[in-house]
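Chemist: Only the shape, not the letters, is given here:
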């Protein structure tokens, strides 16, 4: 018995040499047996694998306190995925390095199995349970009596239920799969984010994830500060750059930032993808690695989302929660276009009577959010997707996935009675006494697209933005007769000329000056997203009618009366 418990010690982190340290022929035979077994699995499918696995496993391996022997051909689909098998009762005995070798073998096994199931067109259904059970074993190696990372020279018998997945160890990380194996299972890789610096929570927590790429500091502050009023969840933001002001804010509010490097995106065409597209793969990969540390997960737009209560109170059972805009797909050209371009007109016709389900807010229990992120990512990674990719197209994917009914535990709540306000739809929600309410006179938990209502946006900025986002300056050159004010909407619905400037894109506000000079009655303009909105303004609005709006610049001639 003692000899059996020390089998791991004989492997020196290479499990396949366990019985063959001094016998090359033996080693070759066992390797050949392993390869033949895997070929048989790939042809016979999971049923054949189960039968073969049962014949190879001994009764001892079914005992509660059994040891996992590192014989490759025993790591079969049956062993890893049979519901009756409780992996938490298994133990791994050996040194730190030896267990590392065992973990590597499990990873290789999972990759091979995933490829087999993918070929059988059953990847989504058949590998999730395998992956969940493997996550229990792909662990940070710790001794069973103190939770201290084991040194290479330390031997221990480790219960899988006592271990945590590789994440926080400074000295051990699971071996990475080579790119050929990875692409065989998941298609092109999109992992342009460094997660090595992330330290997961000690105890299980709730998680909020979002992309904050090229977003004004004020919008990020609204998101973080309003959320922190109600929740001590883990906040993870994917960002390309962090200003000194936000760096201080993130340290104060315990926000985790994962840097995004677009130059590392693969395939090369994805480097041009909009952040609203790439975020899904980033979040998918993060949750795959760290999901076991979290109970509930919220994925949200960062730029235009604020909170009025704890979002995780929405999730009162297992499942995925999505939120309707209470408008039909048929009535919105944007949503029809996103679906048509990626899925064809037949899919638009099929879903035209369905409600628009906004992709900006989704939340639920971890396993259900992971299934949702997998589905979104699979569509983005499929061949040919680049031909329809653009900003917003992820909502087309989101609506197809939600309405086709394949997501487990799905809940769809409407705009009128639900806890999420999508202000783009302008239905079912009201704003009174500085609070957004639904039709039942209940406080909306999450306010999405707050920038669609200047009064709601101003309220969020008053509450949560503590710095002045505006700058005023006198123009020069062609703009010498204008005054500029940044990040403000001053002329909304006021003084609109009969035309909007539709000339070539105006990359800077200064390019709008000449266009205004050439237009009769134009005395002011708003520059927004390379467009000049020309205005006939005689008197500047009072401060109470000016609204913070990151990215917009207002300008007016000196002849316009009233000083701000």
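Modeler: Alright, I've got the coordinates. None of the values given here were measured: they were computed from a predicted structure.
Chemist: Show the contacting residues for residue 440.
Modeler: Going by Cβ atoms under 8 Å, 6 or more residues apart in numbering, residue 440 touches 416, 417. For glycine as for every other residue, the C-beta is placed from the backbone atoms N, C-alpha and C.
Chemist: what secondary structure does it sit in?
Modeler: coil (DSSP: H, G, I helix; E, B strand; the rest coil).
Chemist: Give me the distance between the closest residue to residue 477 other than its chain neighbours and residue 272.
Modeler: In this structure, residue 477 finds its nearest non-sequential neighbour in residue 510, 7.4 Å apart by Cβ to Cβ, 6 or more residues apart in numbering. Relative to residue 272, residue 510 is positioned 27 Å away (Cβ to Cβ, to the nearest Å).
Chemist: more crowded one of the two?
Modeler: residue 510 (18 against 12; other Cβ atoms under 10 Å).
Chemist: pretty sure that one contacts residue 473?
Modeler: No. Residue 510 lies out of contact with residue 473 (Cβ atoms under 8 Å); the separation is 10.9 Å.
Chemist: Give me the neighbour count for residue 377.
Modeler: Counted with other Cβ under 10 Å, residues neighbouring residue 377 total 21.
Chemist: ah, wrong one, I meant residue 261
Modeler: Count around residue 261 with other Cβ under 10 Å applied: 10.
Chemist: repeat for residue 409
Modeler: Counted with other Cβ under 10 Å, residue 409 comes out at 15.
Chemist: What pLDDT does the model give the nearest residue to it once chain neighbours are set aside?
Modeler: Among residues not flanking residue 409 along the chain, residue 319 sits closest, at 3.2 Å (Cβ to Cβ, 6+ apart). With respect to pLDDT, residue 319 scores 95.
Chemist: Thought residue 484 was touching residue 557, still the case?
Modeler: No. Here residue 557 does not reach residue 484: they are 11.5 Å apart, not a contact under Cβ under 8 Å.
Chemist: thinking again about what came up before, do you know how far the residue nearest to residue 477 is from residue 471?
Modeler: From residue 510 over to residue 471 (counting by Cβ to Cβ), the distance is 14 Å.
Chemist: Please report how far the closest residue to residue 530 other than its chain neighbours lies from residue 511.
Modeler: Among residues not flanking residue 530 along the chain, residue 505 sits closest, at 3.9 Å (Cβ to Cβ, 6+ apart). Relative to residue 511, residue 505 is positioned 9 Å away (Cβ to Cβ).
Chemist: quick one, which of those two is more surrounded?
Modeler: More neighbours surround residue 511 than the other of residue 505 and residue 511, with 18 against 9 (other Cβ under 10 Å).
Chemist: quick check, the more buried one in a helix?
Modeler: Yes. Counting by three-state DSSP, residue 511 is part of a helix.
Chemist: tell me the contacts of it?
Modeler: residue 532.
Chemist: Do I have it right that the residue nearest to residue 530 meets residue 531?
Modeler: Yes. Counting by Cβ under 8 Å, residue 505 touches residue 531, with 7.5 Å between them.
Chemist: Any idea what residue 208 is bridged to?
Modeler: For residue 208, the beta-bridge partners under DSSP bridges are residue 235, residue 298.
Chemist: For it, give me the pLDDT.
Modeler: With respect to pLDDT, residue 208 scores 98.
Chemist: Same question for residue 381.
Modeler: On the pLDDT scale, residue 381 gets 88.
Chemist: Next: residue 159.
Modeler: Residue 159 carries a pLDDT value of 33.
Chemist: Residue 559 now?
Modeler: Residue 559 is given a pLDDT of 86.
Chemist: Tell me the secondary structure at it.
Modeler: Secondary structure, three-state DSSP: residue 559 is coil.
Chemist: Neighbours of it, how many?
Modeler: Residue 559 has 10 neighbours, counted by other Cβ under 10 Å.
Chemist: List phi and psi for it.
Modeler: Reported as degrees, to the nearest 10, the phi and psi values for residue 559 are phi -70, psi -20.
Chemist: Contact partners for it?
Modeler: Per Cβ under 8 Å, 6+ apart, neighbours of residue 559: residue 523.
Chemist: Next one: it relative to residue 536, how far apart?
Modeler: 12 Å.
Chemist: which neighbours do those two share?
Modeler: The contact lists of residue 559 and residue 536 share residue 523, where a contact means Cβ under 8 Å, 6+ apart.
Chemist: Residue 284 contacts residue 372, doesn't it?
Modeler: No. In this structure, residue 284 is not within contact of residue 372 by Cβ under 8 Å, at 9.2 Å.
Chemist: Who has more neighbours out of these two?
Modeler: In terms of neighbours (other Cβ under 10 Å), residue 372 is the more surrounded of residue 284 and residue 372; the figures are 28 against 25.
Chemist: distance of that one from residue 282?
Modeler: In terms of Cβ to Cβ, residue 372 sits 14 Å off from residue 282.
Chemist: now residue 361
Modeler: With Cβ to Cβ as the criterion, residue 361 and residue 282 are 17 Å apart.
Chemist: cool, and residue 411?
Modeler: Counting by Cβ to Cβ, the separation of residue 411 from residue 282 is 25 Å.
Chemist: Which one of the two is surrounded by more residues?
Modeler: Comparing residue 411 with residue 282 by neighbour count (other Cβ under 10 Å), the higher total belongs to residue 282, at 24 against 18.
Chemist: element containing the closest residue in space to residue 287 that isn't next to it in sequence?
Modeler: In space, and not counting its chain neighbours, residue 287 is closest to residue 370: 5.3 Å by Cβ to Cβ, 6+ apart. For residue 370, the host element (DSSP states H and E) is helix 366-381.
Chemist: do the same with residue 282
Modeler: Residue 282 belongs to helix 275-290 when elements are defined using DSSP H and E.
Chemist: List the buried residues in that helix.
Modeler: Buried positions in helix 275-290, judged by neighbour count with 16 or more other Cβ atoms under 10 Å: 275-287, 289-290.
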